[in-house]
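[1] no sequence for this one, just the structure:
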């Protein structure tokens, strides 16, 4: 039986008794997440836009790719386009899903869909009040340098950059 422990703005926490494939029972605690997108925005073959974002939970800025939570009644592709516009001020003429990852399957259902964005057009945009973001263009070599210096530590970004053969 599933029991709700907490309901938040977009996260819900549950406990649930489960029968495992080995026939043992256990009580599982997990965060139900609506899913998310992560976008690798290519200005050209060698230039990619990263964002430097303040993450309050870890109390520091980190380099990452534009990403965000899916909204209700929004397609995954539309979510990717929306996040590009909101976070870096670009719209993509071409968006292609290249894979997906479960972020932390030990305690959450969060699944992030990874997209490549190409043929970008600059738009005017404003960040949301709870986002502290700046964007910067890097070459593939520059991104590899950041990664080797342990300056890219965000799991979804690392997975996406690897899927695109950037790192």
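    On my side now, so go ahead. As the structure is a prediction and not an experimental result, all values here were calculated from the model.
[2] residue contacts, the residue nearest to residue 127 when sequence neighbours are not counted?
    Leaving aside its sequence neighbours, residue 127 sits nearest to residue 133 (Cβ to Cβ, 6 or more residues apart in numbering; 5.4 Å). C-betas here are computed from N, CA, C, even on glycine. By Cβ atoms under 8 Å, 6 or more residues apart in numbering, residue 133 lies in contact with 51-54, 87, 127.
[3] okay, now residue 37: neighbour count?
    29 (other Cβ atoms under 10 Å).
[4] cool, residue 28 as well?
    13.
[5] repeat that for the one 3 residues further on.
    Look at residue 31: counted by other Cβ under 10 Å, it has 16 neighbours.
[6] what of residue 68?
    Neighbour tally, residue 68, other Cβ under 10 Å: 19.
[7] so what strands line up beside the helix or strand where it lies?
    Secondary structure from DSSP states H and E places residue 68 in strand 67-69. Note on strand 67-69: by DSSP bridges, its sheet partners are strand 36-41 (antiparallel).
[8] next secondary structure after the partner strand?
    Next in line after strand 36-41, if elements are assigned by DSSP H and E, sits strand 47-55.
[9] now that next one: how far from the chain's centre is it?
    12 Å (Cα atoms, centre = their mean, to the nearest Å).
[10] Three-state assignment for the residue located most distally from the centre of the chain, please.
    For the chain, the residue at maximal distance from the C-alpha centroid (Cα atoms, centre = their mean) is residue 23, at 34.9 Å. Counting by DSSP: H, G, I helix; E, B strand; the rest coil, the backbone at residue 23 sits in coil.
[11] pLDDT score assigned to it?
    Note for residue 23: predicted pLDDT of 97.
[12] residue contacts, it?
    With Cβ under 8 Å, 6+ apart, residue 23 has no contacts at all.
[13] cool, and residue 40?
    48, 65, 98, 114-117, 160-161, 164, 166.
[14] just the buried members of the residues you listed?
    Buried by 16 or more other Cβ atoms under 10 Å: 48, 65, 114-117, 160-161, 164, 166, out of these.
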